[in-house]
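In: One predicted model, sequence on top.
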Amino acid sequence: MRIDRIIDNKKQFLDLLLLADEQEDMIDKYLPGGDLFALYDDDLKNDNDLKSVCVVVTVDNQTCELKNIATYPEY
């Protein structure tokens with residue numbers, strides 16, 4: 001398993017993010033400023049190996065908020 005922090009083109013994961021938050025306009029509010037992490041099943045960066053994503057937003061120096069976490073239903 002591998003977890004990557006996604007910096008660019010975060011919207012490429014929209015289909016998966018919509019499983020946890022059904023309103024795209026809400027995702028658009030926290031996605032640009034949030035840290036997006038993608039979990040892959042192996043060491044190759046192959047879209048077929050993507051299993052799960054999450055978005056974390058820093059609130060302050062001591063607090064982070066998990067805004068979205070989603071896993072494809074088959075996993």
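Out: Perfect, thanks for sending it. Numbers count the residues shown, from 1 in each chain.

In: switch to C-alpha atoms for all contacts and neighbour counts from now on
Out: Noted.

In: Thr4 bridge partners, please.
Out: Careful, residue 4 is Asp; it's not Thr. Taking DSSP bridges as the rule, Asp4 bridges to Ala38.

In: tally of neighbours for it?
Out: Asp4 has 12 neighbouring residues, counting by other CA atoms under 10 Å.

In: ok, now how distant is it from Asp60?
Out: Distance from Asp4 to Asp60, counting by CA to CA, to the nearest Å: 23 Å.

In: Assign the closest residue to Gly34 other than its chain neighbours to helix, strand or coil.
Out: Nearest residue to Gly34, sequence neighbours excluded (CA to CA, 6 or more residues apart in numbering): Val57, at 4.5 Å. Under DSSP: H, G, I helix; E, B strand; the rest coil, Val57 falls in the strand class.

In: which ones are touching Val57?
Out: Shown in contact with Val57 (CA atoms under 8 Å, 6 or more residues apart in numbering): 30, 33-35, 64-67.

In: where does this protein dip in pLDDT?
Out: Within the chain, the stretches with pLDDT under 70 are 43-47.
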